[in-house]
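Novice: how would this look folded up:
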Amino acid sequence: MSSIAVGHTDDHAHDHDHHPSGWRRWLLATNHKDIGTLYLIFALAMLFEGGVLALALRTELFEPGLQFVDPELFNQFTTMHGLIMVFGAIMPAFVGFANWQIPLMVGAPDMAFARMNNLSFWLLPPAAVLLTASFFVPGGATSAGWTLYAPLSVQMGMGMDLTIFAIHIMGASSIMGSINIIVTILNMRAPGMTLMKMPLFVWTWLITAYLLIAVMPVLAGAVTMLLTDRHFGTSFFNAAGGGDPVLFQHVFWFFGHPEVYIMILPAFGIVSQVIPTFSRKPLFGYASMVYATSSIAILSFIVWAHHMFTTGMPVTGQLFFMYATMLIAVPTGVKVFNWIATMFRGSLTFETPMLFAVGFLFVFTMGGFTGLILAMTPIDIQLQDTYYVVAHFHYVLVAGSLFGLFSGFYYWVPKWTGHMYPEVRGKWHFWMSLISFNVTFFPMHFLGLAGMPRRYADYPAQFTDFHQIATIGAFWFGLSQVYFLFFVVIPTVRGGPKAPDSPWEGAEGLEWTIPSPAPFHTFENPPTVK
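Specialist: All right, here's what the predicted structure looks like:
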């Protein structure tokens, strides 16, 4: 009798465990879809927090002179804007996409380690609280820039310690998430799905996860050395004690350069799913896309010192890093060529996901070209730490990562919610974002060429016009994302027209995965979208 009773309670507990409701459903989530949703909500909240800080910077820069904040607070805003956007918005958003899509795309019932998946998400909110709280401790948040360069960061107040702690926690979260993604992809694919038949999004995330596992411990090492320099009397970065301040830059950028590819590779994966769907044909050059992505990942480890051309490295070193950096343009060019070749003679339609994908292609390529220009050592020495660099990496990170995320959101949200998003509003969101983005960041190229340094709260009068254009664009861009939240995301999640089984009509069987080799059916008369 007792055994029956025990069996009964076990079953009951088992049911309860798998169908929790209310707050338990989210706090104890082990379902990859719920955890993916949590990541996306967290990333959206952080996007707005980071965005408010950016608008505070632009407000101060609207006119020369100091209007609203002193230079110290201005640099705190700069630092926290960077850290929050990188570790709070872009990376968690892509992990949210990975959680939602990877099990569905490889035919797995869930992620490999469900409870670890839960933990890797729930580490993020406390880390975000620590980062934000650093504004409210004596001395305020760290103003050393998101790169936290020593020896300045060694002398910062308590806010720096909170930042180091937050980075450690977020790093642990990234490593656990990556282990989960790798094991899911390598061990839980459906029978018959070989590696070279996986959707491109799964491939890009597999490579990204390996990058994360390789570089997050390096960042942890850098900030731990910083911590011991600050509190335990070591001299890693203190020249007076036999240390080397430039060592910090080497260790940081050995993490930092692969990190920028961590933030763009999943976007490449999303775009590689979206463009074939709305071109009504398979991805051009699947294998070359996989090899190009892998090449980018490997090369990303040998270019770090292109961030350091002005630190007095030997000319031989400068030449090596210059040529290695230029080399990364080759696999990136292969990818851009393949995306364009996929669209060539396709039966194209321009729903919102495709608009964001094509917008991504256009603006990301511009960011890539400015990166190539900055790779040239003599040019970089002139442009180092100017607004030209700010323009370059925002073209890659906003127009690259963020537009990729938007494209993926519009593409998959019918699958996630069962509701279609409002198409006209989606297109408004795209055009407002694309135009305002360029109004914000294009003038920064001219500011940088004219010598305007980054992270300055004040500037000479000759820079006023471009700063005012950029500030107007920034507020417009920010409002476009508010529009996105209130007029696209919330209405779509709460209801709206029911999504059909095949939301992207005319691309039957192509919409969620583009397999390799190409499907056998060909579109003699490509279907048109109603």
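Novice: sec struct for the residue lying closest to Pro460 once chain neighbours are set aside, please.
Specialist: Spatially, and ignoring its direct neighbours in sequence, Pro460 is nearest to Pro64 (6.7 Å; C-beta to C-beta, 6 or more residues apart in numbering). No exception for glycine: its C-beta is placed from N, CA and C like everyone else's. Here Pro64 is recorded as coil under DSSP: H, G, I helix; E, B strand; the rest coil.
Novice: do you know how far Pro64 is from Tyr459?
Specialist: 6 Å (C-beta to C-beta, to the nearest Å).
Novice: the two: which has the busier surroundings?
Specialist: Neighbours per residue, other C-beta atoms under 10 Å: of Pro64 and Tyr459, the larger number sits with Tyr459, 19 against 14.
Novice: I figured Tyr210 hits Ile298, correct?
Specialist: No - judged on C-beta atoms under 8 Å, Tyr210 makes no contact with Ile298 at a distance of 10.1 Å.
Novice: neighbour count winner among the two?
Specialist: Tyr210 (16 against 13).
Novice: ok, that one to Val358 distance?
Specialist: Distance from Tyr210 to Val358, counting by C-beta to C-beta: 29 Å.
Novice: kindly report the same for His32.
Specialist: Using C-beta to C-beta, His32 is found at 30 Å from Val358.
Novice: the longest helix in this structure is where?
Specialist: Looking across the chain with DSSP state H, the single longest helix is helix 200-231.
Novice: packing partners of that helix?
Specialist: Judged by 3 or more C-beta pairs under 8 Å, 6 or more residues apart in numbering; DSSP states H and E, the packing partners of helix 200-231 are helix 91-106, helix 158-187, helix 245-262, helix 265-279, helix 286-299.
Novice: buried ones in it, by neighbour count?
Specialist: Neighbour-count burial for helix 200-231, with 16 or more other C-beta atoms under 10 Å as criterion, is recorded at 200-216, 218-220, 222-223, 225-227, 229-230.
Novice: state the mean pLDDT of that helix.
Specialist: The pLDDT scores in helix 200-231 average 97.
Novice: got it, and stretch 356-365?
Specialist: For stretch 356-365, the mean pLDDT works out to 97.
Novice: one step back: using a markdown table, please lay out the helices and strands packed on helix 200-231 together with distance to Gly140 and mean pLDDT.
Specialist: Shown next, in a markdown table, are those (distance: least, C-beta to C-beta, whole Å; pLDDT from 0 to 100):
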| stretch | distance to Gly140 | mean pLDDT |
| --- | --- | --- |
| helix 91-106 | 25 | 97 |
| helix 158-187 | 6 | 97 |
| helix 245-262 | 22 | 97 |
| helix 265-279 | 33 | 96 |
| helix 286-299 | 37 | 97 |
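Novice: now the ones you listed in CSV, with distance to Val137?
Specialist: Formatted as CSV, these follow (distance: least, C-beta to C-beta, whole Å):
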stretch, distance to Val137
helix 91-106, 24
helix 158-187, 5
helix 245-262, 23
helix 265-279, 34
helix 286-299, 38
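Novice: deepest of these, which one?
Specialist: Between the helices and strands packed on helix 200-231, helix 265-279 has the highest mean count of neighbours, a mean of 27, where neighbours are mean count of other C-beta atoms under 10 Å.
Novice: and the angle from it to helix 200-231?
Specialist: Taking axes from the mean of the first three to the mean of the last three C-alpha atoms, to 10 degrees, one finds helix 265-279 and helix 200-231 inclined to each other by 160 degrees.
Novice: from the contact counts, what lies against helix 265-279?
Specialist: Under the contact definition 3+ C-beta pairs under 8 Å, 6+ apart, helix 265-279 sits against helix 91-106, helix 200-231, helix 286-299, helix 315-343, helix 352-375, helix 403-417.
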